[in-house]
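[1] The sequence and its predicted three-dimensional model are supplied below.
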Amino acid sequence: MIRRNSYNEEFKRDSVRLSEKYGVKTAAKKLRVPASCLYSWRRIFLDIKAPKHGETHSYGDLLKEIKTLKKELSVASNAFYANKNSSDLIARPSQMYVIIQMTKNNNEKHSFKALCQQFDVAPSGFYQWKLDQNKGLSSRQRKNSIKTAIKTLFDESNGTYGSPRIFNALRASGKLVCKNTVSKYMKEMGLNANPKKKRKHTVTTDSDDNLSIAERTFEVENPKTYPQAPGEILAGDITYVKLSNGKRIYLAVVLDIFNREVLGWSLSTSLEISLMLNAMINALKKTPENPMITFDSDRGSQYASKVFKSFFDGHEILPSISRRGNYYNNAYVAAFFSTLKKENIRRYKTDCQQTMKLQLFEYIDGWYNCQRLHSSLDYQTPVQYRESYNPSEKANG
């Protein structure tokens, strides 16, 4: 039986490699893993010993900084609750607004509305305070402030965000600005996401009509078959990645249709069955417990093989295989591959397979799942959308 919700060794090693590139704090934020876990993995894979008492090397300094920040947050929180009804705090509500803004900046999954309720202040008062902060600025200063924020978001997306996503990211951070203004400022700064380019389609799955084909239970064109919760319907496919030296490596992914999250992926130099099997195993480790999981794929012989059939039976997975000539075949995974190649693979060329692997790890686990806003998810990230899922709302609905 596969152990769910666990980090496999490959993920840990790639996380350590990413921390070598960006530092522990930045890598942990990208991957949404506790920094303490990343420090532990570094000690294992880099043979770094934990600092002894009194040592002041960089590792110890970082731990000290983390402890100090946690202590300051605890003191601020205790002070607030201890004096919540005091006239001093009531006379200066801006103190609470500052804490709310800082909390939001440090943990994006909290909404401003929820934080206002937690600190017992009216959301309208908080938003008015944010407006008042900008009143002291001249129009030129305000414009420069917004432009700086736009440029930061554009750079963080590696130049892949257009005005709609930047507008929604600004709105999520509490900056009030209209869509047309964002588009105008981006044009003034010459910020433009790369346009789409048509590419030649290459077949990476061998369709075999002689193999046993399962029924097609998930239909993209039929909303009645859509998943209602995370982990109900997964989809998988394979694409190739061309290195700068002309060699090809193959990427298999497994997507959760509910929130477009890439749950598992695997890289190999051949189209062997283990490529897809490894991606599936990695995906199941992150999939919530479900009485029955549906796995949607194309008619590739790999997915229709006896090995996969045995794997599906052993893990109570119901296969759903598309029909030949269906325009909607694997539409969700195909859309992901298109985004991946446009935003990452075609921008950064390398002839090293290990470098490409780290590049894909950073994009999939450090950007696409955790930070990239998806228009189909109401401009939330896949992880945010999954975390906001409320089973009770589904039951009441």
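    Done, it's in.
[2] mind listing the helices for the stretch 201-350 of the chain?
    For the stretch 201-350 of the chain, the helices defined by DSSP state H, counting those that start in this stretch cover 273-284, 306-314, 331-340.
[3] Of all those, which one is nearest Y127?
    Comparison of those against Y127 by C-beta to C-beta identifies helix 331-340 as nearest, at 33.2 Å. C-beta coordinates here come from the backbone N, C-alpha and C atoms, glycine included.
[4] what's the average pLDDT for that closest one?
    In this model, helix 331-340 has a mean pLDDT of 92.
[5] immediately after it, which helix or strand?
    Sequence-wise, the next helix or strand downstream of helix 331-340 (DSSP states H and E) is helix 353-363.
[6] related to what we said a few turns ago, make TSV out of the helices of the stretch 201-350 of the chain and add mean neighbour count.
    Formatted as TSV, the helices of the stretch 201-350 of the chain follow (neighbours: other C-beta atoms under 10 Å):
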stretch	mean neighbour count
helix 273-284	21
helix 306-314	14
helix 331-340	18
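[7] Which pLDDT value belongs to K184?
    Listed pLDDT for K184 reads 92.
[8] and it, helix, strand or coil?
    Following DSSP: H, G, I helix; E, B strand; the rest coil, we place K184 in the helix state.
[9] Next, work out how far apart it and K151 are.
    From K184 over to K151 the distance is 14 Å, taken as C-beta to C-beta, to the nearest Å.
[10] higher neighbour count, these two?
    A count of neighbours by other C-beta atoms under 10 Å puts K151 above the other of K184 and K151, at 15 against 12.
[11] can you pull the buried residues of the helix or strand hosting that one?
    Here K151 sits within helix 139-156, counting by DSSP H and E. Within helix 139-156, the residues scored as buried using 16 or more other C-beta atoms under 10 Å are I146, K147, A149, I150, L153, F154.
[12] Surely the third one and L170 touch.
    By that I understand A149. Yes: counting by C-beta atoms under 8 Å, L170 is a contact partner of A149 at 6.1 Å.
[13] Name whatever forms a beta bridge with the closest residue to G236 other than its chain neighbours.
    Leaving aside its chain neighbours, G236 sits nearest to V254 (4.5 Å; criterion: C-beta to C-beta, 6 or more residues apart in numbering). Beta-bridge pairing for V254 (DSSP bridges): G236, G264.
[14] contacting residues for V254?
    L234, A235, G236, V262, L263, G264, W265, A279, M280, N282, A283, F295 (C-beta atoms under 8 Å, 6 or more residues apart in numbering).
[15] got it, and N168?
    Applying C-beta under 8 Å, 6+ apart, we find N168 in contact with L373, Y379.
[16] What count of nearby residues applies to C352?
    Counted with other C-beta under 10 Å, C352 comes out at 12.
[17] ok, the residue lying closest to it once chain neighbours are set aside to D365 distance?
    Sequence neighbours aside, L243 is the residue nearest to C352 in space, at 7.6 Å (criterion: C-beta to C-beta, 6+ apart). Here the criterion is C-beta to C-beta. By it, L243 lies 21 Å from D365.
[18] who has more neighbours, these two?
    Neighbour totals were compared for L243 and D365, and D365 leads with 20 against 16 (other C-beta under 10 Å).
[19] and that one, what does it touch?
    F11, D14, K30, L31, V262.
[20] Among those residues, which are located in strands?
    Counting by DSSP state E, the contacts of D365 place V262 in strands.
[21] possible to save the contacts of D365 as a markdown table with pLDDT, neighbour count and distance to R386?
    Below are the contacts of D365 laid out as a markdown table (pLDDT from 0 to 100; neighbours: other C-beta atoms under 10 Å; distance: C-beta to C-beta, whole Å):
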| residue | pLDDT | neighbour count | distance to R386 |
| --- | --- | --- | --- |
| F11 | 89 | 18 | 18 |
| D14 | 92 | 21 | 21 |
| K30 | 88 | 18 | 18 |
| L31 | 89 | 23 | 16 |
| V262 | 96 | 23 | 12 |
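[22] can you give me the strands in this structure?
    Under the criterion DSSP E, the chain contains strands at 233-242, 248-256, 261-268, 293-297, 317-321.
[23] so how far is the third one from its chain's centroid?
    Right, the one you point to is strand 261-268. Centre-to-centre, strand 261-268 and its host chain are 13 Å apart (C-alpha atoms, centre = their mean, to the nearest Å).
[24] Likewise for the second one?
    On the basis of C-alpha atoms, centre = their mean, strand 248-256 is displaced by 16 Å from the centre of the chain it belongs to.
[25] for the longest one, same thing?
    Strand 233-242 sits 17 Å away from the centroid of its parent chain (C-alpha atoms, centre = their mean).
[26] how about it: buried residues?
    Applying a neighbour-count criterion of 16+ other C-beta under 10 Å, the buried positions in strand 233-242 are I233, L234, A235, G236, D237, I238, T239, V241.
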